[in-house]
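> Sequence first, then the predicted structure:
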Amino acid sequence: MAYATINPYTGETVKTFPDATDAEVTLALEQGDAAFHQWKRTSIADRVKVLQKAADLLRANRTEYAKLLTLEMGKLVVEAEGEVELSAAIFEYYVEHTERLLAPEALPTKDPVVTEAWLVHEPLGIILAIEPWNFPYYQIARIIAPQLAAGNVVVLKHASNVPQSAALFEKLMLEAGLPIGGFKNLYANRQQLETIINDPRVHGVALTGSENAGSVVAAQAGKALKKSTLELGGADAFVVLDDADLDKAAKWAVFGRHWNAGQVCCASKRIIVVEAVYDAFLEKYKAGVAQLKAGDPFDPSTSLAPLSSQKAADDVRKQVKDAVDHGATLTVIGAEVPTQGAFVQPVMLTDLTPDNPAYYWEFFGPVSLVFKAKDEAEAIQIANDSPFGLGGSVFTNDIERGRQVAAQISTGMVYINHPTTVKADLPFGGLRRSGYGRELIGLGLKEFVNHKLIGVTDIDGGF
């Protein structure tokens, strides 16, 4: 898998790591199973003490944790520190809410035979987490916080370009008091992942990543009769209606498309503007993008980071070329980017039609797909004409109108007057080729538990 830290701004290979050995995989599963049998008997109150300690450690060392994100995948310093805080907040959500969310539920029943019925939520065992590089800590936190709170344990296979972030998070959880084996980072290869999935001590797989990776892992999990959750790509619609505050809409469009250098599953990738305000919005949007400053992500004045790797940048540029070759119009927007580093010049693609394959693609970088809609109805139609269904947003000064439009957009999340976002106390997930299942809040807590019915009867003889 070639696990390595390669600075995307300088191109320097900072450190390399060997793949896990088969013996290390075996040991991780043995230690994980042993930890599970201890951890599942640990009270919820004691489990969440570990999560609180992890949150405290993240905040106490925020700057150091953030620096590693900037080094490994080029995240801006301010965004890196924000990710550290978001991860801490996720831990604290489960500190506060797990006891209530996992409480046994009394079920009403009219059957005279069953005098009481209870639904209890019990942990399963080892959960395999396969996570991407674009939010190295947040992706870990949003899976391990609920799973550890529920009483499960986790084995992590992180992206190959953020190996130090993965190792640091394992160290964090040990320092927070988690038993050895409760959370294990493995530099596993593809063959080893299939071995892990097929191990009877592993009871589920949570993957965030590409469609191809999700398809392979879901097939392997299904063959092994294991549950899986998938959070895959997205091409979120950013709908601007004719009554929108255009200054606000343009500001949020610039942010929604370019935060994390555009490398966000729920970024505002398709900007759909009603014809009546199209020209006025576009003028404001292009002016906003032009103010972005590309440069060293460690420099606090930088507002546009490099992509995570040179390959990522090359892949995006090829997508743009292919889109233009099939008839799209390319407009360069924003200032020139440095020749050093994995930068992609912010560009805008217009005149995209359904016969252009790029109409349906996800662009994981600072590429704005802009569509002109004749009215609200066509804006909704364009928004839904996508193989993805992760998030989206609607901009309007009439909140009730926004709710009505949001109700017609087929995604897992829709925001009114804000780009799709991530919060510790809100669910995350989509449908269609954006995956299935939900992470965070109670939905994420209960994805990998046994919902056991306990019935009580008080009769003699049979039914």
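Alright, I've got the coordinates.

> And the strands in the stretch 201-350 of the chain, which stretches?
Taking DSSP state E, counting those that start in this stretch, the strands of the stretch 201-350 of the chain run over residues 202-208, 227-231, 237-240, 270-274, 329-332, 347-350.

> Now tabulate these in JSON lines and tack on mean pLDDT, mean neighbour count and distance to Leu292.
Just so you know, the C-beta spots here come from the backbone N, C-alpha and C atoms, and that holds for glycine as well. Formatted as JSON lines, the strands of the stretch 201-350 of the chain follow (pLDDT from 0 to 100; neighbours: other Cβ atoms under 10 Å; distance: least, Cβ to Cβ, whole Å):
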{"stretch": "strand 202-208", "mean pLDDT": "98", "mean neighbour count": "24", "distance to Leu292": "27"}
{"stretch": "strand 227-231", "mean pLDDT": "98", "mean neighbour count": "23", "distance to Leu292": "27"}
{"stretch": "strand 237-240", "mean pLDDT": "98", "mean neighbour count": "30", "distance to Leu292": "17"}
{"stretch": "strand 270-274", "mean pLDDT": "98", "mean neighbour count": "25", "distance to Leu292": "16"}
{"stretch": "strand 329-332", "mean pLDDT": "97", "mean neighbour count": "12", "distance to Leu292": "13"}
{"stretch": "strand 347-350", "mean pLDDT": "98", "mean neighbour count": "20", "distance to Leu292": "13"}
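
> Looking at those, spot the one closest to Ile140.
Evaluated over these, closeness to Ile140 peaks at strand 202-208, with 10.1 Å, by Cβ to Cβ.

> other SSEs contacting that closest one?
strand 126-130, helix 138-150, helix 211-223, strand 227-231 (3 or more Cβ pairs under 8 Å, 6 or more residues apart in numbering; DSSP states H and E).

> a markdown table for the strands of the stretch 201-350 of the chain, including distance to Ala379?
Shown next, in a markdown table, are the strands of the stretch 201-350 of the chain (distance: least, Cβ to Cβ, whole Å):
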| stretch | distance to Ala379 |
| --- | --- |
| strand 202-208 | 29 |
| strand 227-231 | 26 |
| strand 237-240 | 5 |
| strand 270-274 | 5 |
| strand 329-332 | 20 |
| strand 347-350 | 15 |
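
> Point out the one among those strands that comes closest to Pro297.
Using Cβ to Cβ, the strands of the stretch 201-350 of the chain put strand 347-350 closest to Pro297, at 20.4 Å.

> State the mean pLDDT of the next helix or strand after that closest one.
Using DSSP states H and E, the next helix or strand after strand 347-350 towards the C-terminus is strand 367-373. Averaging pLDDT along strand 367-373 yields 98.

> Okay, angle between strand 367-373 and strand 270-274 too, please.
Here strand 367-373 runs at an angle of 30 degrees relative to strand 270-274 (axes from the mean of the first three to the mean of the last three Cα atoms, to 10 degrees).

> Kindly compare burial across the helices and strands packed on strand 202-208 and name the winner.
Ranked by mean neighbour count, the helices and strands packed on strand 202-208 are led by helix 138-150 with a mean of 28 (mean count of other Cβ atoms under 10 Å).

> tell me the mean pLDDT over that one?
Mean predicted confidence for helix 138-150 is 98.

> And the next helix or strand past it?
strand 153-157.

> Show me where this structure has its helices.
Applying DSSP state H to the chain gives helices spanning 22-39, 44-60, 62-73, 77-101, 138-150, 163-175, 190-198, 211-223, 246-258, 275-290, 310-325, 376-384, 399-408, 441-445.

> Need the CA coordinates for the last one. CSV is fine.
Right, helix 441-445. Extracted in CSV, the C-alpha atoms of helix 441-445 (Å, rounded to 0.1, in the frame of the first residue of the first chain):
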residue,chain,number,x,y,z
ILE,A,441,-25.8,10.9,16.9
GLY,A,442,-27.9,7.9,18.0
LEU,A,443,-28.1,6.6,14.4
GLY,A,444,-24.4,6.0,14.3
LEU,A,445,-24.3,4.7,17.8
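
> Mind listing what's buried along that helix?
Using 16 or more other Cβ atoms under 10 Å as the test for burial, helix 441-445 gives 441-442, 444-445.

> cool, and the third one?
Buried positions in helix 62-73, judged by neighbour count with 16+ other Cβ under 10 Å: 62, 65-66, 68-73.

> Mind giving me the packing neighbours of it?
Using 3+ Cβ pairs under 8 Å, 6+ apart, helix 62-73 is in contact with helix 77-101, helix 163-175.

> Can you name the residues in contact with that helix?
Outside helix 62-73, the residues within contact range by Cβ atoms under 8 Å, 6 or more residues apart in numbering are 5, 7-8, 14, 58, 75-77, 80-81, 83-85, 133-134, 136-137, 161-165, 168, 297-298, 308.

> try 7 Å
Here helix 62-73 makes contact (Cβ atoms under 7 Å, 6 or more residues apart in numbering) with 5, 7-8, 14, 58, 75, 77, 80-81, 83-85, 133-134, 136-137, 161-162, 164-165, 168, 297-298, 308.

> again, but for the second one
Contacts of helix 44-60 with the rest of the structure, by Cβ under 7 Å, 6+ apart, involve 65, 84, 87-88, 91-92, 94-95, 98-99, 102, 145, 148-149, 151, 172-173, 175-178.

> Write the ChimeraX selection for whichever of these are buried.
Here is the ChimeraX command that selects only those of the contacts of helix 44-60 that count as buried (16+ other Cβ under 10 Å):
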select :65,84,87,88,91,92,94,95,98,102,145,148,149,151,172,173,176,178
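
> My read is that Asp199 contacts Leu29, right?
Yes: the criterion here is Cβ atoms under 7 Å, and Asp199 meets it with Leu29 at 5.6 Å.

> per-residue pLDDT, Gly462?
56.

> Kindly report the domain assignment for this protein.
3-233+425-454, 237-416 (automatic domain parsing).

> Give me the distance from the longest one to the chain's centre.
Counting by Cα atoms, centre = their mean, to the nearest Å, domain 3-233+425-454 is centred 12 Å from the centre of its parent chain.

> Let me see the contact set for Asp322.
Contacts of Asp322 by Cβ under 7 Å, 6+ apart are Ala358.

> Kindly report the same for Thr457.
Thr457 neighbours (Cβ under 7 Å, 6+ apart): 113-115.

> swap in Thr98?
Counting by Cβ under 7 Å, 6+ apart, Thr98 has contacts 44, 48, 149, 445.

> Looking at the residues you listed, which one is closest to Tyr278?
Nearest member of the contacts of Thr98 to Tyr278, counting by Cβ to Cβ, is Leu445, at 43.3 Å.

> OK, contacts around Pro366?
Pro366 touches 257-258, 261-262, 304, 344, 346, counting by Cβ under 7 Å, 6+ apart.

> do that again at 8 Å, thanks
By Cβ under 8 Å, 6+ apart, the neighbours of Pro366 are 257-258, 261-262, 304, 334, 344-347.
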